[in-house]
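Enquirer: here is my input, please return the structure:
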Amino acid sequence: MTDNSITSSTKKKYRQIGHHLKPIVTVGNAGITFAVIEEMQRALHDHELIKVKLNIEEKSERAREVKNLSTALDAHFIQLIGKNALLYKRNPSACLLYTSDAADEEDSVDLGGRRIIK
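Expert: Numbering: from 1, shown residues only. Predicted coordinates:
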């Protein structure tokens, strides 16, 4: 997916949400393996927005690997700060992303100050 299909205001919202997330997947010294990609696909399906920790020392290599990951997963690259990257992929069967804007939605559930759109 191209990064252009998400507006800058939407990316900003995802960055705000992602700030509070803990990394779901850690890419270790072995790099990006089939098992890592499979786990990230599952995580993106379950959560839509995930934080990934890349234990890669070289900054340029981290940036390259994140771009490769987003392409392999058909996901949007949202942000890379240090060794943490945010990736987003919409789940077509249900919207699972937490947003504070969902408070006005009738079809939303309160989850400790955050709401989830159904």
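
Enquirer: part of a strand, is residue 17?
Expert: No - secondary structure of residue 17 (DSSP: H, G, I helix; E, B strand; the rest coil): helix, not part of a strand.

Enquirer: doesn't residue 50 make contact with it?
Expert: No - counting by C-beta atoms under 8 Å, residue 50 is not a contact partner of residue 17; they are 10.9 Å apart. C-betas here are computed from N, CA, C, even on glycine.

Enquirer: which of the two has more neighbours?
Expert: The neighbour count for residue 17 versus residue 50, taken as other C-beta atoms under 10 Å, is higher for residue 50 (24 against 20).

Enquirer: just to be sure, the more buried one is in a strand?
Expert: Yes - if the criterion is three-state DSSP, then residue 50 is within a strand.

Enquirer: what pLDDT does the closest residue in space to residue 11 that isn't next to it in sequence get?
Expert: Counting by C-beta to C-beta, 6 or more residues apart in numbering, the nearest residue to residue 11 once its immediate chain neighbours are dropped is residue 78, at 5.6 Å. Note on residue 78: pLDDT of 95.
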